[in-house]
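Asker: Below are the sequence and a predicted model for it; my questions follow.
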Amino acid sequence: MSINITERQLLHQCEKYVVDMDRVKQKIKQADKDNTVVTRNDAVDISKAGRNALENKISALSRAGQNKAAGKLSPVSSFSVISDFERAVSAEKEEGIKSNTFDYHVNQMVSAYKRMRNGIEEKYADIDREQQYYVADDGSIQKLTKEKELAMLDKAYEKHSKFMAASTEIWGNLQGFKPQITYHSRSADTVQSVSADNTGNSGMKEQAYQAFMYSVNNENIRLLSQSKDGLSNIKLDLGISRSARNELNHIWDYYKAATKGIVLK
């Protein structure tokens, strides 16, 4: 059998190409008998055993490729979730009525946490969702799951809570701070010092941290879901005494007002 191919206006070429398929088949059969493969000048000779081994390897790789889970690399990481949570807390502040109190910041934190948690829940509720992978803290590539994303969100909330609790303690100590004044006389034996009465706020850091962590329980999450009047009207359960809560609110209000140049007595 012959295949005739005719090309138009080919310079320096024959106008007709003829491929003798019978002759090609004969060469292939002869190569099989000789246990070698006849190749072109720009290729290499492969034995029949080598060719079979190569075909088996290609088939195995093909089957492995079909069974391999498809997915994509996600930008999600523990650092990105922390950054997203900080931005979410700020966004809650911009959307609601501005306030300087400790209570209001707790509301912002819990509301931001709730929104991000709902987003994760909705993401994994999609059964057609493509599998994602992420870079873990140790640098390895791991499968991204709902449990891992929720754990990263919890870590971000806890990190923010520790930072704000430490800040609360610092603000409380600054609230009662008075400078130390030392009087010097010409006589080396006469040195008088007047020290400040730094009352401090012992335990305020622990109280603040406890309030942050307690406020994110399920009861408060449901309370936020039912609220329709804005963050300023929500009274979350912080798991601390009323006196400690009042003191925390006073510290925050005093510090925020002081940073704006307002003197509170």
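Answerer: In hand now; what should we look at? Residues are numbered from 1 along each chain as shown.

Asker: show me where this protein has strands.
Answerer: Using DSSP state E, the strands of the chain run over residues 2-6, 16-20, 72-73, 132-135, 141-143, 181-184, 191-194.

Asker: State the number of residues packed around the nearest residue to residue 238 once chain neighbours are set aside.
Answerer: Closest residue in space to residue 238, ignoring its immediate chain neighbours: residue 211 at 3.8 Å, by Cβ to Cβ, 6 or more residues apart in numbering. (C-beta placed from N, C-alpha, C; glycine too.) Close neighbours of residue 211, defined as other Cβ atoms under 10 Å, add up to 24.

Asker: can you tell me how far residue 211 sits from residue 258?
Answerer: Distance of residue 211 to residue 258, computed by Cβ to Cβ, to the nearest Å: 22 Å.

Asker: now swap in residue 220 and tell me
Answerer: Distance of residue 220 to residue 258, given as Cβ to Cβ: 29 Å.

Asker: Among the two, which residue is more densely surrounded?
Answerer: Applying other Cβ under 10 Å to residue 220 and residue 258 shows that residue 220 carries more neighbours, namely 23 against 14.

Asker: can I assume the residue nearest to residue 238 is in contact with residue 247?
Answerer: No: taking contacts as Cβ atoms under 8 Å, residue 211 lies outside contact range of residue 247: 11.2 Å.

Asker: tell me the contacts of residue 211?
Answerer: Shown in contact with residue 211 (Cβ atoms under 8 Å, 6 or more residues apart in numbering): 102, 106, 238, 239, 240, 245, 248.

Asker: List the contacts of the last one.
Answerer: When contacts are counted by Cβ under 8 Å, 6+ apart, residue 248 touches 102, 168, 204, 207, 208, 211, 240.

Asker: And for the second one, the neighbour number?
Answerer: The burial metric for residue 168, expressed as a neighbour count using other Cβ under 10 Å, is 25.

Asker: Next, the contact list for it, please.
Answerer: Counting by Cβ under 8 Å, 6+ apart, residue 168 has contacts 102, 204, 205, 208, 248, 251, 252.
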